[in-house]
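Novice: From the sequence below, what's the structure:
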Amino acid sequence: MNELNSISATLIQWYEQYKRDLPWRDTDDPYKIWISEIILQQTRVNQGLDYYYRFIERFPDVQSLAAASEDEVLKYWQGLGYYSRARNLHKAAQQVVSRFGGKFPDQYADVLSLSGVGEYTAAAICSFAYNLPFAVVDGNVFRVLARLFGIDTPIDSLQGKKEFKLLANELLDEQHPGQHNQAIMEFGALQCTPVSPACESCPLFTQCVALANGSIAVLPVKTQKIKTRARYFNYLFIKYTDKTYLQKRTGNDVWKNLYEFPLIEADRLLEESEIFQHSYFNKITAGISSGINISLLSAPLKHVLTHQQIYAQCFIIEIKEESEFLRFFEKTAIEHIGDYAVSRLMEILIQNHIG
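Specialist: Okay, here's the model as predicted:
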């Protein structure tokens, strides 16, 4: 047995002893595996588990997901973030129905052609569901390979992606690709962790180059730093009797197709007097002759996204009659706001200040 085969065998042996009991590991259903992989792309397992159960209960197969409305899919995704994942899931389900007759494809190229499915996800589905020999390369795999073989090529470079993909495929046990892929990812998640890895109990410690040369803490290497920008959201909770108004976010921006209160985005959080004088506020309230009451509903909130830091606050605007412009919004009973798919930030505002 050569060194690479030995490493794979050790990983699989470790996996059989220490793996977590997770529902998507007890099935070869490509649909359920696909759902789990998309949920776990940007979500920790302990957070994603409840979402997985709820999602599969409502959408038990690709046909039910394809037939649902996008609004409903987004509502079931609410709180997971990165909502493009949900939109792509819905679109891909419709592609499976229209292009593959409702049967989830069993060829790598076909799986890869689905919306929102990249090389990693296609390899995961094909190896776990069909035992096809495609190596997965995710963050855990990058870390294990970088440390084990002492590779300092940046993982976010074109050269690094090629190098790690080649090595992952060389290491792959082609007789048991699904088990191997599960093993190396689980090893990175539980044993070879980003911070304070359990090197003292590692079954590969004698072969780990990074452990030998003291480079555990610096591997894997990344070159690109995430740039963030600050944004300031001034929300307007407009209250008319027991009704309020929502708008749907459109365009290629955060929270696309989710609902929110009317919004004034500015270069800072505004004062009540500035809201009252703002052109958008005047547009919304144009034609209202009776008194308009405005007050600050929430303290400023900070909401951190991958590339953005959003500072938000919410004003309550109480009106006694409707303006013509309000017809462009979604009018709903206040008690029914929870029926709409909203961002986590909106969810916090609603839970803390509206109920």
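
Novice: in stretch 343-355, what's buried?
Specialist: Neighbour counts over stretch 343-355 (16 or more other Cβ atoms under 10 Å) mark 343, 345-346, 349-350, 354 as buried. Every C-beta, even on glycine, is put in place using the N, C-alpha and C of the backbone.

Novice: same check, this time on stretch 18-37
Specialist: Buried, per 16+ other Cβ under 10 Å, within stretch 18-37: 19, 24, 29-37.

Novice: who's in contact with it?
Specialist: For stretch 18-37, the surrounding residues in contact (Cβ atoms under 8 Å, 6 or more residues apart in numbering) are 45, 48-49, 52-53, 55-56, 59, 61-62, 89, 104, 106, 111, 117, 121, 124-125, 128-130, 182-183, 186, 190-191.

Novice: just the buried residues of stretch 343-355 now: which is nearest Asn234?
Specialist: Leu349 (11.8 Å; Cβ to Cβ).

Novice: give me every residue that touches that closest one.
Specialist: Per Cβ under 8 Å, 6+ apart, neighbours of Leu349: 235, 237, 261, 297-298, 301, 312, 314.

Novice: ok, the closest residue to Thr244 other than its chain neighbours - contacts?
Specialist: With Cβ to Cβ, 6 or more residues apart in numbering as the criterion, Thr244 has its nearest non-adjacent residue at 5.1 Å, and that residue is Ile334. Each residue near Ile334 by Cβ under 8 Å, 6+ apart is listed here: 239, 242-244, 354.

Novice: Which of the residues you listed are buried, as a ChimeraX select command?
Specialist: Only the buried entries of the contacts of Ile334 go into this ChimeraX selection, using 16+ other Cβ under 10 Å:
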select :239,244,354
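
Novice: quick revisit: tell me the two of the buried residues of stretch 343-355 that are most distant?
Specialist: Farthest-apart pair in the buried residues of stretch 343-355 is Ser343 and Ile354; separation 14.7 Å (Cβ to Cβ).

Novice: For His303, pull up the helix or strand it's in.
Specialist: strand 301-304 (DSSP states H and E).

Novice: Please work out which residues outside that strand touch it.
Specialist: In contact with strand 301-304 (Cβ under 8 Å, 6+ apart) are residues 309-313, 344-345, 348-349.

Novice: now Glu322: how far from Thr27?
Specialist: From Glu322 across to Thr27, the span is 52 Å (Cβ to Cβ, to the nearest Å).

Novice: still on that earlier bit, please state the mean pLDDT value computed over the next helix or strand after the strand holding His303.
Specialist: The helix or strand immediately downstream of strand 301-304 is strand 308-319, counting by DSSP H and E. Per-residue pLDDT values across strand 308-319 average out to 96.

Novice: With stretch 335-352 instead?
Specialist: Mean per-residue pLDDT for stretch 335-352: 94.

Novice: then that stretch to PDB, C-alphas only?
Specialist: In PDB, the C-alpha atoms belonging to stretch 335-352 read as follows (Å, rounded to 0.1, in the frame of the first residue of the first chain):
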ATOM      1  CA  GLU A 335     -50.200  40.300  12.900                       C
ATOM      2  CA  HIS A 336     -49.500  38.600   9.500                       C
ATOM      3  CA  ILE A 337     -46.000  40.100   9.000                       C
ATOM      4  CA  GLY A 338     -44.600  36.700  10.000                       C
ATOM      5  CA  ASP A 339     -46.100  35.100   7.000                       C
ATOM      6  CA  TYR A 340     -43.600  36.800   4.700                       C
ATOM      7  CA  ALA A 341     -40.000  35.800   4.100                       C
ATOM      8  CA  VAL A 342     -37.700  38.400   5.600                       C
ATOM      9  CA  SER A 343     -34.000  38.900   6.400                       C
ATOM     10  CA  ARG A 344     -32.600  38.000   9.800                       C
ATOM     11  CA  LEU A 345     -32.200  41.800  10.500                       C
ATOM     12  CA  MET A 346     -35.900  42.400   9.800                       C
ATOM     13  CA  GLU A 347     -36.800  39.300  11.900                       C
ATOM     14  CA  ILE A 348     -34.900  40.800  14.900                       C
ATOM     15  CA  LEU A 349     -36.700  44.200  14.400                       C
ATOM     16  CA  ILE A 350     -40.100  42.500  14.300                       C
ATOM     17  CA  GLN A 351     -39.500  40.200  17.200                       C
ATOM     18  CA  ASN A 352     -38.000  42.800  19.500                       C
END
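
Novice: Correct me if wrong, but Gln63 is in a helix.
Specialist: Yes: counting by DSSP: H, G, I helix; E, B strand; the rest coil, Gln63 is part of a helix.

Novice: Give me the nearest residue to it, chain neighbours excluded.
Specialist: Using Cβ to Cβ, 6+ apart, the closest residue to Gln63 is Gly102 (5.4 Å).
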